[in-house]
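> can't give you the sequence, but here's the structure:
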């Protein structure tokens, strides 16, 4: 995939890049696999804002993705590759011999007309889904289950890929894109290959308006607020934050403050953390 550049006839177009959508072969979504997506604007069930800087944006429908990929001996044929406004990766529409349709994350290199399989006997081919016990060590994988039958939870964003490092004692060691090495049960499934849309990380929005189209509202620095609104606020003119290190609006340390629970039940499954040397 390549990115599209623009002639700088306006200041916003000077540095803007957008996807070329060369991989997209199907323009409109499958009506039976979309549902409404209500914009909550970062508010909880009582109407209070619990996540700041969210709201507005273009209306969009949610595409129902099949993250479980139950075993199908006959295989499923790729109808086309589509854009999904809810995620960075592209999605592929599949249809099986009974005519049932489903969406999956489109791996890199997948094309319309390809046949994908899932199950113990599937080939090691991009898009196929197998139990980790049947995948050779060293293979790049994505859409990884954490618990058997729950569906893919890890490595689902554009261009992401994990690597199967080792298998022993009923567990597999998987190196995630962050560098973390984690233990996953061999009964869990994973899809072969790398998630598509590799150039997503090179996209430059170019103007504030495109951020608003994504449903992201402006972010204001704490140092320009009043003391009642932020711990960094107040002072005469431009002034330092007045603290040893930056904090959140609620006084919690930031910039390197570890938020993971030291007593988390899943700590035992982490072999190597992403920040370890």
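Sure, I can see it. In this text, all values refer to a predicted model and were calculated from it rather than measured experimentally.

> rest of the way, CA atoms for contacts and neighbours
Noted.

> Show the residue spans covered by the helices in the protein.
Here the chain has its helices, by DSSP state H, at 208-213.

> Counting residues, name the longest strand you see in it.
strand 72-82 (DSSP state E).

> what pLDDT, on average, does that one get?
In this model, strand 72-82 has an average pLDDT of 86.

> Direction included, what does it pair up with?
Here strand 72-82 is paired, per DSSP bridges, with strand 91-95 (antiparallel), strand 115-118 (antiparallel).

> buried sites along the longest one?
Translated: strand 91-95. 91-95 (16 or more other Cα atoms under 10 Å).

> Nearest to residue 37, out of the residues you listed: which one, please.
residue 91 (17.6 Å; Cα to Cα).

> Kindly reformat the buried residues of strand 91-95 as TSV containing distance to residue 187 and pLDDT.
Compiled in TSV, the buried residues of strand 91-95 are given as follows (distance: Cα to Cα, whole Å; pLDDT from 0 to 100):
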residue	distance to residue 187	pLDDT
91	25	95
92	25	94
93	26	95
94	24	93
95	26	92
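
> Considering the residues you listed, which is situated nearest to residue 30?
Distances from residue 30 to those, taken by Cα to Cα, are shortest for residue 93, at 8.1 Å.

> now the closest one: how far from residue 65?
From residue 93 across to residue 65, the span is 9 Å (Cα to Cα, to the nearest Å).

> Can you check which residues contact both of the two?
Residues touching both residue 93 and residue 65 (Cα atoms under 8 Å, 6 or more residues apart in numbering): 102-104.

> Which pLDDT value goes with the closest residue to residue 188 other than its chain neighbours?
Leaving aside its sequence neighbours, residue 188 sits nearest to residue 148 (Cα to Cα, 6 or more residues apart in numbering; 4.7 Å). For residue 148, the model assigns a pLDDT of 92.

> Go ahead and confirm residue 158 touches residue 91.
No: taking contacts as Cα atoms under 8 Å, residue 158 lies outside contact range of residue 91: 10.4 Å.

> in this protein, which segments are predicted with low confidence?
1, 277 (pLDDT under 70).

> most distant residue from the middle of it?
residue 236 (42.8 Å; Cα atoms, centre = their mean).

> what residues are up against that residue?
Here residue 236 is in contact with no residue (Cα under 8 Å, 6+ apart).

> Residue 222 versus that one, what's the distance?
For residue 236 relative to residue 222 (Cα to Cα), the value is 15 Å.

> cool, and residue 97?
58 Å.

> same deal with residue 241?
For residue 241 relative to residue 222 (Cα to Cα), the value is 9 Å.

> residues shared between the contacts of those two?
In contact with both residue 241 and residue 222: 231-233, using Cα under 8 Å, 6+ apart.

> Turn these into JSON lines, columns for neighbour count and distance to residue 191.
Below are those laid out as JSON lines (neighbours: other Cα atoms under 10 Å; distance: Cα to Cα, whole Å):
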{"residue": "231", "neighbour count": "21", "distance to residue 191": "46"}
{"residue": "232", "neighbour count": "24", "distance to residue 191": "46"}
{"residue": "233", "neighbour count": "19", "distance to residue 191": "49"}
